[in-house]
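Q: sequence and predicted structure are below.
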Amino acid sequence: MRRYRLPKCKILRTKKDIQQLFREGRYVPGRYFDLVVRTDVVDSKVLFTVSKKIRKKVFRNRIKRRLREVYRLNQYEISMPLHIAMIGKPGALTADFQQLQAEFKQILSKIMDS
RNA sequence: AGAGCAGACCGGACGGCCGCCUCUUCCGGGCUGUGGCCCGUGAAGGGGAGGAAAGUCCGAACUCCACAGGGCAGGACGGUCGCUAACAGCGACUCCGCGCGAGCGGAGGAAAGUGCCACAGAAAACAGACGGCCCGGGCAUGCCCGGGUCACGGUGAAAAGGUGGGGUAAGAGCCCACCGCCCCGGUGGUGACACUCGGGGGCACGGUAAACCCCGUCCGGAGCAAGACCAAGUAAGUUCCGUUGGGAACGCAUCGGGCGUUCCCGGAGGGUGGCCCGCCCAACCCCGGUUUCGGGGACGGAACGGGUAGGUCGCUUGAACCGUGAGGCAACUCACGGUCCAGAUAAAUGGCCGUCGUCCCGGUCUCCCCGGGAUACAGAAUUCGGCUUAUAGGUCUGCUCUGGAU
RNA sequence: GGGGCCGUGGUGUAGUCCGGUUAACACGCCGGCCUGUCAAGCCGGAGAUCGCGGGUUCAAGUCCCGUCGGCCCCG
């Protein structure tokens, strides 16, 4: 049985990788979150972030946690190595969790088709 | 019962599935100098946000820089006595103001000095006389001149204690009584201060120090992005300054120049993260010329510039927390026993679901049931002690006022 | 995480140190003159709870405290 794990080594954390991702990655906007994706990589890694327009740190953290759960539970939908940045928007705080998952799958399939 | 004051505390509970960080032990693998070290979709067990984690407003610990000190400047605090590692904190008490009250708020000095007090008003700070009142003189009275006066009038934030009586030309502490004020003494209190205490003074002393200032107490500067180490990597780069001068004594050498040691004086640079005094600090050789000097390297310092943004340590046992006892009105302290309780770093402490609790709304309308909604403020980042600010709802303790019953 | 600076008409600033009774200046805006028209120029005018709340003072943009927002620096 597949285990839906997401340890630290799967998170993008070096400054070089992150800068490269935002410089060369493809930007895909969404309703609850935007994605930045880079395909010319050998392993799958991800990072989660939220704009400081959301003023309170509690709410920014909650959005990041929900996005992480979305990625964790749907990571096997990805069939190729990708570097992904998930950028939370205000709606992700109150939206239904099922809707977040649906949007993630939808955007993902769009990316993998192209 | 209602209204209110002060303080303390909680700030959802239980369960299921899937996850995250960290520590310990074990398992597997690798390295080994057999002490261990490193790695893991590995296993088990322990721990995993707050009362404010916040604002960064104070105070410390700790680290680095600098340290013989002294002074000035600057900053902070400000009733008294205590508590504390320290504080702008806390406790008790004092005086003043506000409140019916429980209580709340304020606090050195304005008879050391300087400045300011707009407008209005006659006059605004060792003051002055506009109107009015009174007296005298002059013109034949309403007018003018000289004098007295602040009791009254108006102004203002603020105008020479208040009330009553005597007194007077009119008045005024001018005099008297009471109240208030000031000074000296006494008594009580560690003290702020208090006093139905004694004596003296007719009363002089406007406000502002969150204006300068004076008095007292305290304060070196930065901050865990402090700081230490490892790895990788660039340009061991550029510019500037300095590594010295004079004198005395002694010794060596001597034709002369000189050399060495000690002491004194001076100069340049740097440090003492504001300034001054004082103090402290390091570094010499080669070549040419040999009196000053020129060139080169090395060393010390300053400014500018280049590279890295990876890892390890600091990093959580501490003025710690929980009991019990003792001292103290209290803040708090002491003794004994017990506990180990987050350490992340693009940053863990969660996501989804169910049941229940609390509150609100609607139906029902004896709060039983059904449906819907709400469940705050807010997320550790070196660590403590405080303060301040945000906060749905709720609990407890003590007290006050009003009304009712007994 | 730590340190520092700034909030004044629509915009950019002055005034804040040392408090004083119409808060100044430039650009912009509105109206008029000029021109065949526009611009420029000239004349006149409107527009500010001085980020917000409390305190000191007779009096606060200015002094003190709290709070909110914005900007910069440090490895």
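A: Done, it's in.

Q: SS state for the nearest residue to A:N74 once chain neighbours are set aside?
A: The shortest distance from A:N74 to any residue that is not its chain neighbour, by CB to CB, 6 or more residues apart in numbering, is 5.6 Å, and that residue is A:F104. Glycine gets a C-beta too; all of them are placed from N, C-alpha and C. With DSSP: H, G, I helix; E, B strand; the rest coil as the basis, the three-state label of A:F104 is helix.

Q: what's the neighbour count on A:F104?
A: By the other CB atoms under 10 Å criterion, the neighbourhood of A:F104 contains 22 residues.

Q: over to the one 4 residues further on?
A: Around A:L108 there are 19 other residues, counting by other CB under 10 Å.

Q: the residue nearest to A:N74 reaches A:Y71, doesn't it?
A: Yes: proximity of A:F104 to A:Y71 meets the contact threshold set by CB atoms under 8 Å, at 7.3 Å.

Q: of all of chain A, which residue lies closest to RNA strand B?
A: Using CB to the nearest atom of the strand, A:K15 is the residue of chain A that sits closest to RNA strand B, at 2.8 Å.

Q: give me phi/psi at that residue?
A: As for A:K15, its main-chain torsions (degrees, to the nearest 10) stand at phi -60, psi -40.

Q: closest to the centroid, which residue in chain A?
A: Within chain A, one residue has its C-alpha closest to the average C-alpha position: by CA atoms, centre = their mean, that is A:M86, at 3.0 Å.

Q: quick one: contacts for that one?
A: With contacts defined as CB atoms under 8 Å, 6 or more residues apart in numbering, A:M86 is in contact with A:33-35, A:46-49, A:67, A:70-71.
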